[in-house]
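Student: got a sequence here, can you model it:
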Amino acid sequence: MATLQVLGSAYADVARIKYASISTADLAKLQTLADQVDAATMTLTAARAEIGKMAIASTSVANLSYAFFTGVTPKMAGLDYLVSPTGGNANNLNSAYYTSFSAENRYINFSVNLGKTGEGAAKFQAAYGALDLTAAATKAYTEIFGFAPAAGKIDAILNDQVPNGQGGTYTRGEYFASFGGDGLNGQGTKAAMVGWLLNEAAKADLGVYAKANDAFLADLAADGQASFNVDLLGVYGQQTTFGTGATITVTSSQSVAPDAATPSLRSTGDNDTVTGTDSNASQSILTVGGHDVITFSGAVGGYVDGGDGNDTISAGQLNAAVEVLGGAPNGKISGGAGNDLITISKVINGAIIDGGAGDDTLVMGADTDTFDKTKVTNVEHLALNNFKLSFTLPATGVTTLVPLDVGGYTGLQDITLKSADSVRITQIADGVALKMDGVSGATLSASYHTDLVISGMSSTQVGVKGVHAYLSGVTSNGATKSNLYVTGNDGALTLHVQSDSVLGTINSQTATGGVGAVIVTGVGRLTAGFVSNVSGADYTTYNLDASGSGGIDITGIGADAPDSRAVTVVLSSYNDSVAADLRGQSVSTYTLGAGADVFKLYQDGFAAPRFSNLSIQDGKVATYSTITDFAKGVDHVNLGVEIPAVVTGLSAGSATTLEQALINVSGQVAANATAVFEYAGDTYIYHQDATVAVNAGDGLIRLVGVTGLTVGTGAASADIHYG
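Tutor: Okay, here's the model as predicted:
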């Protein structure tokens, strides 16, 4: 994979833009970085750090401002709304609206909006409302940089003279007041001051906020994934270190606590290690500070609480909670404060898992047909591993997936499928990403929460505004394909292909049953179909943009019946292939891009050769397929064995319209035969149906701007080959 693709994908993820929308200037910077990486004068990690700096006036503005004023960074969907041209906000940070804003003015603009009347106003008022501008600046400086300002620093910040925009000067404090609009000590003025400090910190790459933001951007640049809507300093800042704590081994009835009567069962404020086999319902394991490791190889029936710190908690099984009058909790694992990893091989229905404060990950398995009583709260990252939720009818042996309803799971940012067990997940909240990691032969069916919106006498279902899905090393297991089905998504399905992945079918549907757009990006190569001709489940993706991907092989896309909706496909700059279903009469456009690309006819063993996309309306050709960016001698059209012969050397005569050209050619082509001809600087591939005349049911492909193409059979050396 070319280094430029890796860095371009990283920049697209960080800047929240499509790969194809990267500006010429930024693309040149990325090329310079790629050249340095290829020459071994810069590491890939360092190049990604430089990419983070390129977002100082966009992503960093939103991330730092929200982190300071609201206490948490934006959600993924929120960051897209604030930054991305495709996030649903016309005045995003990458829009024309902000073109004239300097980075400093962007930070001040965001800060005033948040701190004066916006989402962070109450929090900012509580912390800074009683302070004058000098005291507020001192407090904010200390918080943003992580150390107190030097003597005279705040006086210089507030009282240095700066241009007033009218040919004169005024103090920087007055400059802040011009944005705040509420006097020298007003809340808006103090918010403007914070924005200025955030810009200075980001510009100098100095202080705890800037360094934590660097870590967030590096995480995002590495694979397109990061922790959103979190305490920036708590998750990405410098983590507290602890000493070696107690090492404790327990029986099923021994409890651990900082004040345990038995000294050997006392937990400490440092890094404790607690191990056991099974835990009965009356047992409790309570650790406090430190990054603790708690491991039970068997079943946990009691209560485990990791307390503060970044803890690792593992259990072979977590039993269901049983209500005990006046008793301690049981069947429950709590991570406590900190960024915790909780792994449970088998969760019994009715168990309770709480991640607590922080950025927490839960990896859980199950083998059951009911999971409705299980409670999962305050978990940001949910991974399903060996998770079997289904029932099998004994009489037929047919297995049906039982939906996992995550509507009550709080804090979720992403859901990962990690094993070969298919899952069906429902009531997914807006902004929750999907991941398929190392999956082989499993289907992830993800249904997002929809709302019924009533307007007057009518109503409609409204879905989420877009879904991000991450694919890493997905394969198919023989005839059992891996698939991704998304419903309730009214926006685009963005596929981040982190490493080469092969799926059978990918489909995204809106809340009302329409088929949504798909965007493919990332460094990996994707092989997948975007069409289904199964009775009762007949669909195709109509808009697929893979221009920013690391290569794509589309095993099927296009309409198999008359369709008024146009199909638009854009391939990448690598060697791609697309199998187009041209059975249905519809308009379709395929842009090949750079690389040696192959355009094929999709076949499913039914109604061969599936080349009947031409239709006529009011004496004009209404539908056919167009291929743009076809490079002679590089790209190929492969008509396959279903087209056993192709007639060449035909003339469209003196035709001045496409319709007349087709009439002239059709008379020279036998029934059910295929021909190639040239007209008006383009090459056309025409398939005659059983009727020798131009009519609906014929097939037509136009190759724009190319003539003199070679036609042959056997080896694929010809521009157009068949048989």
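Student: longest strand of this structure?
Tutor: strand 381-392 (DSSP state E).
Student: I'd like to know how many residues surround T312.
Tutor: By other C-beta atoms under 10 Å, the residues close to T312 number 18. C-beta here means a position set from N, CA and C on the backbone, and glycine is covered the same way.
Student: E659 too?
Tutor: E659: 14 neighbours (other C-beta under 10 Å).
Student: helix or strand: which one has N109?
Tutor: Using DSSP states H and E, N109 sits in helix 103-112.
Student: hang on, the earlier thing: the longest strand of the chain - contacts with which helices or strands?
Tutor: If you count contacts as 3 or more C-beta pairs under 8 Å, 6 or more residues apart in numbering; DSSP states H and E, strand 381-392 packs onto strand 361-368, strand 399-401, strand 404-405, strand 414-417, strand 423-428.
Student: pull the distance from the last one to the chain's centre.
Tutor: This points to strand 423-428. 17 Å (C-alpha atoms, centre = their mean, to the nearest Å).
Student: quick one: residues in contact with that strand.
Tutor: 384, 387, 389, 401-407, 412, 415, 417, 442-449, 488 (C-beta atoms under 8 Å, 6 or more residues apart in numbering).
Student: that one to strand 381-392, inter-axis angle?
Tutor: Put simply, strand 423-428 runs at 120 degrees to strand 381-392, going by axes from the mean of the first three to the mean of the last three C-alpha atoms, to 10 degrees.
Student: mind exporting the helix holding N109 as PDB, just the C-alpha atoms?
Tutor: The C-alpha trace of helix 103-112 is given here as PDB (Å, rounded to 0.1, in the frame of the first residue of the first chain):
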ATOM      1  CA  ALA A 103      -7.200  29.900  13.700                       C
ATOM      2  CA  GLU A 104      -7.300  32.300  16.700                       C
ATOM      3  CA  ASN A 105     -10.700  33.600  15.700                       C
ATOM      4  CA  ARG A 106     -12.000  30.100  15.300                       C
ATOM      5  CA  TYR A 107     -11.000  29.200  18.900                       C
ATOM      6  CA  ILE A 108     -12.500  32.400  20.200                       C
ATOM      7  CA  ASN A 109     -15.700  32.000  18.200                       C
ATOM      8  CA  PHE A 110     -16.200  28.400  19.500                       C
ATOM      9  CA  SER A 111     -15.300  29.400  23.000                       C
ATOM     10  CA  VAL A 112     -17.700  32.300  23.200                       C
END
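Student: pLDDT of that helix, averaged?
Tutor: Helix 103-112 carries an average pLDDT of 97.
Student: buried set for the next helix or strand after it?
Tutor: The helix or strand immediately downstream of helix 103-112 is helix 121-128, counting by DSSP H and E. Neighbour-count burial for helix 121-128 flags 121, 124, 128 (criterion: 16 or more other C-beta atoms under 10 Å).
Student: got the residue ranges for the helices in the stretch 201-350 of the chain?
Tutor: 208-223, 232-236 (DSSP state H, counting those that start in this stretch).
Student: to clarify, my last question referred to the stretch 1-150 of the chain.
Tutor: Going by DSSP H, counting those that start in this stretch, the stretch 1-150 of the chain shows helices at 3-15, 24-38, 44-53, 59-70, 76-83, 103-112, 121-128, 133-145.
Student: list the helices and strands the second one packs on?
Tutor: Counting contacts by 3+ C-beta pairs under 8 Å, 6+ apart, the secondary-structure elements packed against helix 24-38 are helix 3-15, helix 44-53.
Student: any idea how far the longest one is from the chain center?
Tutor: What that stands for is helix 3-15. 14 Å.
Student: now do stretch 621-639
Tutor: 31 Å.
Student: re the thing from before, now what about the longest strand of the chain, what contacts it?
Tutor: With C-beta under 8 Å, 6+ apart, strand 381-392 has contacts from 227, 345, 359-369, 371, 376, 398-404, 406, 409, 412-419, 421, 423-424, 437.
Student: kindly report the same for stretch 609-617.
Tutor: 559-560, 562, 581-586, 588, 601-604, 621-625, 639-640, 642-643, 674, 687, 689, 694-700.
Student: what's the closest non-adjacent residue to E380?
Tutor: Q413 (4.6 Å; C-beta to C-beta, 6 or more residues apart in numbering).
Student: oh sorry, the question was meant for G115
Tutor: Nearest to G115 is A191, by C-beta to C-beta, 6+ apart, at 3.0 Å.
Student: what residues are up against that neighbour?
Tutor: 69, 111-112, 114-116, 124, 180.
Student: what do you get for G640?
Tutor: 600-601, 603, 609, 722.
Student: and of the helices of the stretch 1-150 of the chain, who's closest to A517?
Tutor: helix 76-83 (14.8 Å; C-beta to C-beta).
Student: and the closest one, how far out from the chain's middle?
Tutor: Worked out by C-alpha atoms, centre = their mean, helix 76-83 lies 12 Å from the chain centre.
Student: same check, this time on stretch 219-238
Tutor: That offset, for stretch 219-238, works out to 15 Å (C-alpha atoms, centre = their mean).
Student: re the thing from before, buried residues in the helix holding N109?
Tutor: Buried, per 16+ other C-beta under 10 Å, within helix 103-112: 104-112.
Student: any idea which of those is closest to V322?
Tutor: F110 (49.7 Å).
Student: is the residue lying closest to T251 once chain neighbours are set aside bridged to anything, and to what?
Tutor: Sequence neighbours aside, G276 is the residue nearest to T251 in space, at 7.1 Å (criterion: C-beta to C-beta, 6+ apart). The partner list for G276 in beta bridges (DSSP bridges) reads F296.
Student: and G276, what is it in contact with?
Tutor: So G276 contacts 249-252, 254, 285, 295-298 (C-beta under 8 Å, 6+ apart).
Student: please apply the same query to N664.
Tutor: Taking C-beta under 8 Å, 6+ apart as the test, what N664 contacts is 651-653, 655.
Student: show me just the buried residues among those residues.
Tutor: Buried members of the contacts of N664, scored by 16+ other C-beta under 10 Å, are 652, 655.
Student: now the contacts of N664 as TSV including distance to G550, pLDDT and secondary structure?
Tutor: Putting the contacts of N664 into TSV (distance: C-beta to C-beta, whole Å; pLDDT from 0 to 100; DSSP: H, G, I helix; E, B strand; the rest coil) gives the following:
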residue	distance to G550	pLDDT	secondary structure
S651	43	93	coil
A652	40	94	coil
G653	46	93	coil
A655	43	95	coil
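Student: which one of the contacts of N664 is nearest to E50?
Tutor: Closest to E50, out of all of the contacts of N664 and judged by C-beta to C-beta, is A652, at 54.7 Å.
Student: one step back: tell me which of the buried residues of helix 121-128 is nearest to A680?
Tutor: A121 (62.9 Å).
Student: relative to V304, how far out is F599?
Tutor: 58 Å (C-beta to C-beta, to the nearest Å).
Student: neighbour-wise, which of these two wins?
Tutor: V304 (29 against 26).
Student: so what's the more buried one bridging to?
Tutor: Listed beta-bridge partners, V304: I285, I333 (assigned using DSSP bridges).
Student: list the residues that contact the spatially most central residue of the chain.
Tutor: For the chain, the residue nearest the mean C-alpha position is H468 (2.7 Å; C-alpha atoms, centre = their mean). Counting by C-beta under 8 Å, 6+ apart, H468 makes contact with 76, 224, 433-434, 494, 496.
Student: out of the residues you listed, which are inside strands?
Tutor: Going by DSSP E, the strands hold 433-434, 494, 496 from those.
Student: what would those look like in CSV with pLDDT and distance to F530?
Tutor: As requested, the ones in strands among the contacts of H468 are arranged in CSV below (pLDDT from 0 to 100; distance: C-beta to C-beta, whole Å):
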residue, pLDDT, distance to F530
A433, 96, 20
L434, 98, 17
T494, 95, 14
H496, 95, 17
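Student: fine by me, we can end here.
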